[in-house]
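Undergrad: show me the folded form of this:
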Amino acid sequence: MLGPAGTSWLGHPAVQAWRTVCLAITVQALPFLLLGTALSGAINAFVPAGLFARVLPKRPALAVPVAGAAGAVLPGCECASVPVASSLIRRGVPPAAAFAFLLSAPAVNPVVLTATAVAFPGNPAMVAARLLASLTTAAVMGWLWLWLGKEEWLRPLLRHRHTGHRPGHSRWTEFRLGFRHDFLHAGGFLVLGAMAAATFNVTVPGAVLDAFSGSPWLSVLFLAGLAVLLAVCSEADAFVAASLTGFPPTARLAFLVVGPMVDLKLIALQAGTFGRAFAWRFCTATTVVAVAASVLIGGALW
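TA: Purely as a prediction, here's the structure:
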């Protein structure tokens, strides 16, 4: 049995801080992961397979911006969008449109935009810039998938478009089984992502922030990378960005645009849901496009 000497490290301030941050990220994201997996199960069990094909434009290139704009109707964070996008693909939605929805939903929904307005009082340009840069990134990534994406990067399950309700089976049973599978599967990757983000929070000293704030270009790249590592929920990240007063507005915009689209927990969730071959390509390209959109739109507004 371990004595006090064997467990004394558990009381170290750094370990306690790591535990607190890891738990905070997990608890913060868990309700939205529940929402996302519930929506995913409901889509599979109750929504007719042909509905999305009728609602979206027939041409995939037009379906991408429409799906991106539709992200405004999901009042949740990035954890909710991953299982919903997976469910949409399995129901016949073109992957490019589903990925545009995945990227836009956490960043352009009314809850997030309202939180941004509250965090930046008297600065409507930040809200407008976040909306425009996020929608631009989502649309560009959807079009890039149409141009360069390959179906073999996705998990085999997602290459077959006929899942959901089967005649003769209970819809509620299918909903329950689908919800349980998606939640347990995605929940494990959420915890892994939270652990990685907590490790960064504890090990990187605050003085590092000050070293990058003076350079316009380095500050943008640094806050974009920080958004990936911190893994703050999109409904709370505006308050974190507002607190980074030493950084220019464009850099803080990059933090707000990159964070809901690429962070450690999202990378883990996407790898578990869509496959590792997809996740590392998609997340890398999304980061580049999001930073470019932030610089262009931020440069035009400030």
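Undergrad: tell me the pLDDT of the residue nearest the centre of the chain.
TA: Residue closest to the mean C-alpha point of the chain, counted by C-alpha atoms, centre = their mean, is residue 78 at 3.3 Å. Confidence at residue 78, expressed as pLDDT, is 70.
Undergrad: touching, it and residue 109? I think so.
TA: No: counting by C-beta atoms under 8 Å, residue 78 sits too far from residue 109 to count as a contact (10.8 Å). The C-beta positions use only the backbone N, C-alpha and C, and glycine is treated the same way.
Undergrad: re the thing from before, now the nearest residue to the residue nearest to the centre of the chain once chain neighbours are set aside, what are its backbone angles?
TA: Closest residue in space to residue 78, ignoring its immediate chain neighbours: residue 106 at 4.0 Å, by C-beta to C-beta, 6 or more residues apart in numbering. In terms of degrees, to the nearest 10, the main-chain angles of residue 106 are phi -70, psi -10.
Undergrad: OK, contacts around residue 106?
TA: 71, 76, 77, 78, 80, 81, 112, 234, 260, 261 (C-beta atoms under 8 Å, 6 or more residues apart in numbering).
Undergrad: in the stretch 1-150 of the chain, which ranges drop under the pLDDT threshold?
TA: Within the stretch 1-150 of the chain, the stretches with pLDDT under 70 are 1-11, 25, 28-29, 32-33, 36, 40, 43-44, 47-50, 52-53, 74-77.
Undergrad: now do 90
TA: 1-58, 60, 70-94, 105-116, 118-119, 122, 150 (pLDDT under 90).
Undergrad: ranges for the strands of it?
TA: In the stretch 1-150 of the chain, no strands are found when defined by DSSP state E, counting those that start in this stretch.
Undergrad: follow-up on the earlier one: which residues touch the residue nearest to the centre of the chain?
TA: Contacts of residue 78 by C-beta under 8 Å, 6+ apart are 32, 105, 106, 233, 234, 260, 261, 263, 265, 266.
Undergrad: just to revisit the earlier point, among the contacts of residue 106, who's most crowded?
TA: For these, the largest number of neighbours (other C-beta atoms under 10 Å) sits with residue 81, at 32 neighbours.
Undergrad: distance of it relative to residue 224?
TA: Separation of residue 81 from residue 224 (C-beta to C-beta, to the nearest Å) stands at 20 Å.
Undergrad: before we move on, back to that, the contacts of residue 106 into CSV, with extra columns for distance to residue 205?
TA: Compiled in CSV, the contacts of residue 106 are given as follows (distance: C-beta to C-beta, whole Å):
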residue, distance to residue 205
71, 36
76, 33
77, 28
78, 27
80, 33
81, 33
112, 30
234, 26
260, 26
261, 27
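Undergrad: nearest to residue 16, of the residues you listed?
TA: Relative to residue 16, the closest of the contacts of residue 106 is residue 77; by C-beta to C-beta it sits at 25.8 Å.
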